[in-house]
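Student: Turn this into a structure:
(2 chains)
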Number of protein chains: 2
Amino acid sequence: MTTIDNGVNVQALLEARQALANAPEAAQFTWRATSQWRNGVHSTTRIQQFHGLGQEQSHKAESVFEADHPAVFAAEDNGITPIEYLLVGLAGCLTAGVASVAQNRGIQLRSVEASVEGSHDIRGILGADADVRNGFNDIKVTFTIDADASQQEIEALVAQSQKRSAVFDALTNPTDVTVEVAPSNG
Amino acid sequence: MTTIDNGVNVQALLEARQALANAPEAAQFTWRATSQWRNGVHSTTRIQQFHGLGQEQSHKAESVFEADHPAVFAAEDNGITPIEYLLVGLAGCLTAGVASVAQNRGIQLRSVEASVEGSHDIRGILGADADVRNGFNDIKVTFTIDADASQQEIEALVAQSQKRSAVFDALTNPTDVTVEVAPSNG
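Tutor: Now for the predicted structure:
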């Protein structure tokens, strides 16, 4: 028997599924980010702490991200645009899903590459046309996968990843977002 | 007269709005990301090129992002989770909007901090409960802003930023996402 190893601990995930099915409160996670405005449209966002499994948790390191607009928007291009961060999340989520599902199905992956394109009519955010939405018109993801599996099995991996993807859901279905201003000290 | 300077070139943005209202094809942008699976649920995503104003464009530098799952998900925590990237994008987009609108309204900002929380029931992605969605349950953003303006004016800045935010729209409204597998060479 060949040993399949994509580096995913599927046993632990199956045990978590079982455990959390009976402990829904432990399954409630809160992910957090804090950002500081720098100058112009440049901001710096930091992520480290989160809440889950009933207690505070921490990534092993703080991650720091710069967001800005490019020179063609008359800005300084100190980082990618905010909307591009959505593509990073989508690529990472679907890829993680492919690896997990492949492990569970006993399929050895050799390489997985995802190419993501988001089309965006910027007349929306500029206020140039009220009929144009602010966000992406649509997003297209293309996977190129080398694995010990048929094309049909690979397509099934990708389909199952999509079905369980947090980011795919967050982009294809609406989420309630509340934006508030803390009372000033003045 | 006091000179307001938040570092946003509002004049250029107003000129772009005018120019693109009459040149809709130039307003069609394509943002791109490519990701490589590393091991387990760890992937690396790179962003540099995009298309807009009728031609290929490039950020001044390539940006590289690691996505992984934390130790509590039996993974190696080589980077933030994919879904946390959505919070980075949301914070950056709303903050950029606050700075731009403040500049346009002649309001000097001194500091802008955003705290973002996304609540997430992970029974969805684990497949532990078919009634739980995969993405966020909801997201809350809290701004703390120090500016030469009243609380009411600050709240109006944030409301206008939300109204023109690409990422706020992408998270609160559905986007069509197509996922395909390139034909294998085999």
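Student: in chain A, which spans are strands?
Tutor: A:28-39, A:42-52, A:55-67, A:109-121, A:138-147, A:176-181 (DSSP state E).
Student: In terms of secondary structure, what does the shortest one contact?
Tutor: Put plainly, it is strand A:176-181. strand B:138-147, helix B:151-163, helix B:166-172 (3 or more C-beta pairs under 8 Å, 6 or more residues apart in numbering or on different chains; DSSP states H and E). No exception for glycine: its C-beta is placed from N, CA and C like everyone else's.
Student: now for the shortest one, which elements pack on it?
Tutor: The reference is to helix B:166-172. So helix B:166-172, by 3+ C-beta pairs under 8 Å, 6+ apart, packs with helix A:82-104, helix A:123-126, helix A:166-172, strand A:176-181, helix B:82-104.
Student: Which residue ranges make up each domain of chain A?
Tutor: Split into domains by automatic domain parsing, chain A comes to A:29-79, A:81-173.
Student: Would you list the phi and psi of the nearest residue to A:D121 once chain neighbours are set aside?
Tutor: The shortest distance from A:D121 to any non-neighbouring residue, by C-beta to C-beta, 6 or more residues apart in numbering or on different chains, is to A:V132 (4.9 Å). Main-chain torsions, A:V132, degrees, to the nearest 10: phi -100, psi 130.
Student: residues in contact with A:V132?
Tutor: A:V132 is in contact with A:D121, A:R123, A:G124, counting by C-beta atoms under 8 Å, 6 or more residues apart in numbering or on different chains.
Student: go with 10 Å
Tutor: Neighbouring residues of A:V132 by C-beta atoms under 10 Å, 6 or more residues apart in numbering or on different chains: A:H120, A:D121, A:I122, A:R123, A:G124, A:I125, A:L126, B:L20, B:P24, B:A27.
Student: and if you look at A:L126?
Tutor: A:73, A:132, A:134, B:13-14, B:16-21, B:27, B:164.
Student: Redo the helices and strands packed on strand A:176-181 as a markdown table? Include mean pLDDT and mean neighbour count.
Tutor: Converted to a markdown table, the helices and strands packed on strand A:176-181 look like this (pLDDT from 0 to 100; neighbours: other C-beta atoms under 10 Å in any protein chain shown):
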| stretch | mean pLDDT | mean neighbour count |
| --- | --- | --- |
| strand B:138-147 | 98 | 19 |
| helix B:151-163 | 98 | 17 |
| helix B:166-172 | 98 | 25 |
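Student: Output the ones you listed in JSON lines; the columns should cover distance to B:R46.
Tutor: JSON lines is the format used below for the helices and strands packed on strand A:176-181 (distance: least, C-beta to C-beta, whole Å):
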{"stretch": "strand B:138-147", "distance to B:R46": "26"}
{"stretch": "helix B:151-163", "distance to B:R46": "29"}
{"stretch": "helix B:166-172", "distance to B:R46": "20"}
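Student: just so I know, which of those lies nearest A:H59?
Tutor: strand B:138-147 (19.0 Å; C-beta to C-beta).
Student: what's that closest one packed up against?
Tutor: Counting contacts by 3 or more C-beta pairs under 10 Å, 6 or more residues apart in numbering or on different chains; DSSP states H and E, strand B:138-147 is packed against strand A:28-39, strand A:176-181, helix B:82-104, strand B:109-121, helix B:151-163, helix B:166-172.
Student: what about these, which gets the closest to B:W31?
Tutor: Nearest of the helices and strands packed on strand B:138-147 (C-beta to C-beta): helix B:166-172, 9.9 Å.
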